[in-house]
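*Asks:* Pasting a predicted model and its sequence here:
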Amino acid sequence: MKITEQELNPKNIKLNDEQKKNFAILLEKINAIRDKYGKPMLVTSGVRSWEDQVRIDNAAGRKPRTGSMHLMACAVDIWDRDRHLWGWVMDNLKFLEKLGVYMEDGTYTRTWVHFQIKPPVSGNRIFKP
């Protein structure tokens, strides 16, 4: 079963041309991951509005981040409470590198895996959020 556009953008946020391009790439890549992973994947956060970003950052006690990849339709968080997906990520880094996907370090994201299609400032495949 594929991850749908609706799952990545459940609030049907209107996307500009750059976001539409990013969204199409993100959808393609997360479904390539889903196909190889071979198990259901639950999206916990995809495309975010500015209001969503402010709410999330305020709840975490930090200043709202204008550079969030979720705002640019370049990132998705996948539920991973049992850490099976993170284990799969660690076992499949070559595949993810070839696919051009980056992940936040799992020690910082204990119940989800953050995938993004643009490299972080550090350029590291796995990076600190």
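*Replies:* On my side now, so go ahead. Computed from a predicted structure; not experimentally measured.

*Asks:* Can you pull up the most central residue in this structure?
*Replies:* Val76 (2.2 Å; C-alpha atoms, centre = their mean).

*Asks:* leaving aside the residues next to it on the chain, what's closest to that residue?
*Replies:* Nearest non-adjacent residue to Val76, counting by C-beta to C-beta, 6 or more residues apart in numbering: Gly46, 4.9 Å away. (Glycine included, C-beta is placed from N, CA and C.)

*Asks:* Test my guess that the one you found contacts Glu5.
*Replies:* No - if you go by C-beta atoms under 8 Å, Gly46 and Glu5 don't touch, sitting 9.3 Å apart.

*Asks:* Pull the number of nearby residues for the residue nearest to Val76.
*Replies:* Burial of Gly46 is recorded as 24 neighbouring residues (other C-beta atoms under 10 Å).
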